[in-house]
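S.K.: attaching a predicted model along with its sequence, questions to come.
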Amino acid sequence: MRRTTITAAVAVLALTTGCGAADMTKQASPFANAQGAKTVTLSVQSWVGGQSNVAVAQYLLEHELGYRVDTVQVDEIPAWDALSQGRVDAILEDWGHPDQEKRYVDDKKTIVRGGGLGVTGHIGWYVPTYLAEQHPDITDWKNLNKYASLFRTAESGGKGQLMDGSPSYVTNDKALVSNLKLDYQVVFAGSEAAQITQIKQFAKEKKPFLTYWYAPQWLFKKVPMTEVKLPPYKDGCDADPKKITCAYPHTPLQKYLNTDFAESGGKAAAFLKKFQWTTEDQNEVSLMIADKKMSPQDAARQWVRSHPSVWKAWLS
């Protein structure tokens, strides 16, 4: 979110060993590299879309292939380190980390590409659609300063508030605000769940808000939002994070596997390479988890029962 990394409704997920932004060099899964054991360890992200991938993969690995699955929650960059070291076997949703990819995939060869997830991610700035309908020109970044006073909060220091989620997520927002000379202050909600709570509260009261947000995300079904057009993205425009003046790219989300696991992980590795679904599939599971308050296991079970034609192809 890259985002991107991106927990109240989300933090209550019953992850076997999840512990937030763990230092994976010190916290190894008790099952990772267990000799002779039919186990798989998956890295699970803090945002609900990433958790939906893992929930469904875990359910099928356990109920269709007979594996024991361990999950460890870890931030985006440390997850690459953990994957390289074999402390986790797979990352199922990466929003693009070219430096890590070069280091571990191309140079060290301790990680291999696991193929596309089937979902395209996009980070952007959004306002509620009800505000865009009142002020149509607010969806052009050039007009944001004109409306800065609408977005002032106690936390934004007299400027307009641009709400971000977790500081650990992929974000160029501070540089964009500075480089585009916008009269705004980036304010971090702290997590995806906290950001969702804020957005829902603003929407309930029909208040203006400007937020960093991303697709796919189930919240769009509950709170319609319209993207603010930033200067268009072009290849290389984000090469220097400090000089960025362009929008975020549209990123086909990728899977990565530990090299040893990819070669010797048997049916589990083959399954994870074939695991591929749509934005609609992911959002369906995410909505059950985050909005309907279902456990990830129950949400995965319901999705699996409803979509046999999709997942059976992953097992063939």
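M.R.: Okay, I see it. Computed from a predicted structure; not experimentally measured.
S.K.: and Cys246, what element?
M.R.: Using DSSP states H and E, Cys246 maps to neither a helix nor a strand.
S.K.: got the contact list for it?
M.R.: Leu230, Pro231, Pro232, Tyr233, Lys234, Cys237, Asp238 (CB atoms under 8 Å, 6 or more residues apart in numbering). Just so you know, the C-beta spots here come from the backbone N, C-alpha and C atoms, and that holds for glycine as well.
S.K.: neighbours around the second one, how many?
M.R.: Pointing back at Pro231 there. Neighbour count of Pro231, defined by other CB atoms under 10 Å: 15.
S.K.: same check, this time on the third one
M.R.: Pro232: 8 surrounding residues under other CB under 10 Å.
S.K.: leaving out chain neighbours, which residue sits closest to it?
M.R.: Using CB to CB, 6 or more residues apart in numbering and skipping residues adjacent in sequence, the residue nearest Pro232 is Ala247, 6.1 Å away.
S.K.: now do the helices in the stretch 1-150 of the chain.
M.R.: Secondary structure of the stretch 1-150 of the chain (DSSP state H, counting those that start in this stretch): helices at 8-11, 48-63, 76-85, 98-100, 129-134.
S.K.: next, the buried residues of the second one.
M.R.: Judged by neighbour count (16 or more other CB atoms under 10 Å), helix 48-63 contains these buried residues: 48-61.
S.K.: try the third one
M.R.: Taking 16+ other CB under 10 Å as the basis for neighbour counts, the residues of helix 76-85 that come out buried are Glu76, Pro78, Ala79, Trp80, Asp81, Ala82, Leu83, Ser84, Gln85.
S.K.: report the distance from the longest strand seen in the chain to the chain centre.
M.R.: The residue-count maximum for a strand in the chain (DSSP state E) belongs to strand 111-128. Centroid separation for strand 111-128 versus its chain: 7 Å, with CA atoms, centre = their mean, to the nearest Å.
S.K.: what does stretch 82-100 give?
M.R.: Going by CA atoms, centre = their mean, the spacing between the C-alpha centre of stretch 82-100 and its chain's C-alpha centre is 13 Å.
S.K.: tell me the helices and strands packed up against the longest strand of the chain.
M.R.: helix 76-85, strand 90-94, strand 210-215, strand 225-228, strand 250-258, helix 259-264, helix 266-274, helix 279-290 (3 or more CB pairs under 8 Å, 6 or more residues apart in numbering; DSSP states H and E).
S.K.: can I get those in TSV with mean pLDDT?
M.R.: Formatted as TSV, the helices and strands packed on strand 111-128 follow (pLDDT from 0 to 100):
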stretch	mean pLDDT
helix 76-85	95
strand 90-94	97
strand 210-215	95
strand 225-228	98
strand 250-258	96
helix 259-264	98
helix 266-274	98
helix 279-290	95
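S.K.: could you single out the most deeply buried of these?
M.R.: strand 90-94 (a mean of 26; mean count of other CB atoms under 10 Å).
S.K.: just want the angle from that one to helix 279-290.
M.R.: Interaxial angle, strand 90-94 versus helix 279-290 (axes from the mean of the first three to the mean of the last three CA atoms, to 10 degrees): 110 degrees.
S.K.: what's the residue nearest to Tyr212 when sequence neighbours are not counted in contact with, if anything?
M.R.: Nearest residue to Tyr212 in three dimensions, chain neighbours excluded: Asp164, at 4.4 Å (CB to CB, 6+ apart). Going by CB under 8 Å, 6+ apart, Asp164 touches Thr171, Asp173, Val186, Val187, Phe188, Ala189, Gln195, Thr211, Tyr212.
S.K.: heading C-terminal from the strand or helix carrying the third one, find the next helix or strand.
M.R.: Secondary structure from DSSP H and E places Val186 in strand 184-188. Sequence order places helix 192-204 as the next helix or strand after strand 184-188, per DSSP H and E.
S.K.: what comes up buried for that following helix?
M.R.: For helix 192-204, a neighbour-count test (16+ other CB under 10 Å) marks Glu192, Ala193, Ala194, Gln195, Ile196, Gln198, Ile199, Phe202, Ala203 as buried.
S.K.: repeat for stretch 185-192
M.R.: Buried residues in stretch 185-192 (16+ other CB under 10 Å): Gln185, Val186, Val187, Phe188, Ala189, Ser191, Glu192.
S.K.: before we move on, what about stretch 120-140?
M.R.: Those would be Gly121, His122, Ile123, Gly124, Trp125, Tyr126, Val127, Pro128, Leu131, Ala132, Ile138, Thr139, for stretch 120-140 by 16+ other CB under 10 Å.
S.K.: quick one: mean pLDDT over it.
M.R.: Mean pLDDT, computed over stretch 120-140, is 97.
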